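In: Give me coordinates for this.
(one chain, ligands or ions: 2)
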Amino acid sequence: MDDYKIKHVEEGLTKIEFPEYEKVSSDAPVFYNPHMELNRDLSILAIQVFQEEQEREINICDLFGGSGIRGVRYKNEIEGVGNVCINDISETANYYERHNIELNNLEDIEVYQHDASMFLRMKRGEFDVIDIDPFGTPSPFLDSAGYCARRNSLLCVTATDTSALCGTYKEPCIRKYNSKPYKSEYCHETGIRILAGFVALTLSKYGKFIEVKMSHSTEHYMRLYIEVKKGPKKTDESLKNIGYISHCKNCLHRQTSKGLASPIEEICPVCGEKLIHAGPLWLGNIQNKEFIEKMIEQTEHKKINTKKQALKLLNSCLLEAEAPVTFFDVHTVCKSLKISAPKLDLIFDEIKKEGFVAIKTHYNPLGIKTDANIDEINKILLRICE
Ligand SMILES: C[S@@+](CC[C@H](N)C(=O)[O-])C[C@H]1O[C@@H](n2cnc3c(N)ncnc32)[C@H](O)[C@@H]1O
Ligand SMILES: [Zn+2]
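Out: Ligands and ions are numbered 1, 2, ... in the order given. Sure, this is the predicted structure:
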């Protein structure tokens, strides 16, 4: 452990040290990724909002601790936190987690060395917040999270296997999430919905259902904040949000159909080509307006280095909370019409003038979430270009 130079970083109000390594890699003796600071800052905001909603002290589990940065920051920077457990399978990680707890003079924070699933099984019902931030897919750990999670708790889930969730590689997505992806221009939203759908189906085994409070796809990862609720009847009701997105490659029409095993239309109602289906996935809300408004308000009370980026993302997600499922990419639509793309603001104005909603999305700067269908969008674009 002494052979490495020690790196010192500061995020929020917290100091963290770990062995320096030339690149961000799972081969590092202790994993630390500076590009995840936004993810951690948003977690501080989301967990603080959740704590205030509970109106009591909350216990937190940082299931994949690494340097311990999440658990240590949560205890140090969030009001109303009781016990924090930091777990990691690596002994070296445990060493630095303890070191960082001391460095920040914290109490009521414990370090464990277990396999993540075993740890959750041992600690059933003990946590108000479970943070799942593994290498790659969270899929193997969600069953134990479903078993462990208590009523009205918060599940924070990161996935970095975006190539599977977005459909670059289809088979890994089917294997890990039991869902067929499709690589469309809105595949990052589909990916978040596949992940949320998989969480919902996994938790349903334990009579638990989900309410997604906030979600985002940023750089190479996706992150979801999910409130876990309990009750078999409501779980049955909630599973009606599982369904499919069907896409027409020919004309860019897309439609949704709810139900795990309900019949799905095979033919595009606009052009008559065969539709391609993605799913099962979550067609319920993936942004919660009230929760995101409170996260935005929290940015006033927290010291976070990524404030500007966080606010931009949160304001976009806030608008998306009231937007339709999927979005159109302006360049893709214009390419299919063989026209050059008009100014984005003009397109938004014209769509709204026709009485449709037109909302920007954090997934893509050229994306438009709208209730106008592809025929209506084509007409508007052709008229602008006349
Ligand atoms: C992506 S890193 C965690 C990063 C950390 N949460 C952060 O924000 O910097 C994943 C961690 O999971 C640990 N790990 C890998 N497999 C595990 C398992 N089965 N159970 C518990 N920890 C595991 C690794 O040692 C590594 O420290
Ligand atoms: Zn079509």
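In: Report all helices and strands that whichever strand or helix holds N76 contacts.
Out: Assessed by DSSP states H and E, N76 sits inside helix 69-77. On a contact count with 3 or more CB pairs under 8 Å, 6 or more residues apart in numbering; DSSP states H and E, helix 69-77 meets strand 14-19, helix 37-54, strand 58-62, strand 81-87, helix 91-103, strand 109-112, strand 129-132. From N, CA and C alone the C-beta is placed, and that goes for glycine too.
In: List of residues touching that helix?
Out: 11-14, 16, 32, 40, 43-44, 47, 60, 62, 65, 81, 84-86, 97, 100-101, 104, 106, 108-109, 129, 131, 133, 302-303 (CB atoms under 8 Å, 6 or more residues apart in numbering).
In: export the helices and strands packed on helix 69-77 to TSV and tack on mean pLDDT and distance to ligand 1?
Out: Converted to TSV, those look like this (pLDDT from 0 to 100; distance: least, CB to the nearest ligand atom, whole Å):
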stretch	mean pLDDT	distance to ligand 1
strand 14-19	96	9
helix 37-54	98	6
strand 58-62	98	7
strand 81-87	98	6
helix 91-103	98	5
strand 109-112	98	9
strand 129-132	98	7
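In: Between the ones you listed, which one is closest to H253.
Out: helix 37-54 (33.9 Å; CB to CB).
In: and the angle from the closest one to strand 58-62?
Out: With axes from the mean of the first three to the mean of the last three CA atoms, to 10 degrees defining the directions, helix 37-54 sits at 150 degrees from strand 58-62.
In: buried sites along helix 37-54?
Out: 37-51 (16 or more other CB atoms under 10 Å).
In: gap between it and the chain center?
Out: Put simply, helix 37-54 sits 13 Å off its chain's centre (CA atoms, centre = their mean, to the nearest Å).
In: and what of stretch 65-83?
Out: The chain centroid and the centroid of stretch 65-83 are separated by 20 Å under CA atoms, centre = their mean.
In: Which stretches in the stretch 201-350 of the chain count as strands?
Out: 208-218, 221-230, 242-247, 254-258, 276-282, 328-329 (DSSP state E, counting those that start in this stretch).
In: Can you pull the residues of the stretch 151-300 of the chain lying near ligand 2?
Out: C248, N250, C251, H253, C268, V270, C271, E273 (CB under 5 Å from the ion).
In: can you tell me how far the residue nearest the centre of the chain sits from K352?
Out: By CA atoms, centre = their mean, the chain has its centre lying nearest to R223, at 2.4 Å. Separation of R223 from K352 (CB to CB, to the nearest Å) stands at 31 Å.
In: and what of L314?
Out: Taking CB to CB, one finds L314 at 23 Å from K352.
In: Residues in a beta bridge with K274, which ones?
Out: On the basis of DSSP bridges, K274 is bridged to I267.
In: isn't it right up against H253?
Out: No: the pair K274 / H253 is not scored as a contact, 11.9 Å apart, by CB atoms under 8 Å.
In: Mind listing the shared neighbours of those two?
Out: Common neighbours of K274 and H253 are listed as C268 (criterion: CB under 8 Å, 6+ apart).
In: Looking at the two now, which is surrounded by more residues?
Out: H253 (18 against 11; other CB atoms under 10 Å).
In: just the helices in the stretch 151-300 of the chain please.
Out: For the stretch 151-300 of the chain, the helices defined by DSSP state H, counting those that start in this stretch cover 162-165, 170-177, 187-204, 232-238, 289-298.
In: winner for burial among these?
Out: Mean neighbour count (mean count of other CB atoms under 10 Å) peaks for helix 187-204 among the helices of the stretch 151-300 of the chain, with a mean of 26.
In: Give the rounded mean pLDDT of that one.
Out: For helix 187-204, the mean pLDDT works out to 98.
In: Report the inter-axis angle for that helix versus helix 170-177.
Out: Going by the same axes, to 10 degrees, helix 187-204 makes 30 degrees with helix 170-177.
In: What is the distance between helix 187-204 and the centre of its chain?
Out: Distance, centroid of helix 187-204 to centroid of chain: 9 Å (CA atoms, centre = their mean).
In: tell me the angle it makes with strand 254-258.
Out: Interaxial angle, helix 187-204 versus strand 254-258 (the same axes, to 10 degrees): 0 degrees.
In: On the strand side of things, show who the closest residue to S67 other than its chain neighbours bridges to.
Out: Nearest non-adjacent residue to S67, counting by CB to CB, 6 or more residues apart in numbering: F18, 4.3 Å away. When bridges are called by DSSP bridges, F18 pairs up with K7.
In: re the thing from before, for the helix holding N76, give the mean pLDDT please.
Out: The predicted model assigns helix 69-77 a mean pLDDT of 98.
In: mind listing what N285 touches?
Out: E211, V212, A321.
In: The second one and K15, how far apart?
Out: Summarising the geometry, the distance separating V212 from K15, computed by CB to CB, is 33 Å.
In: This completes my enquiry, with thanks.
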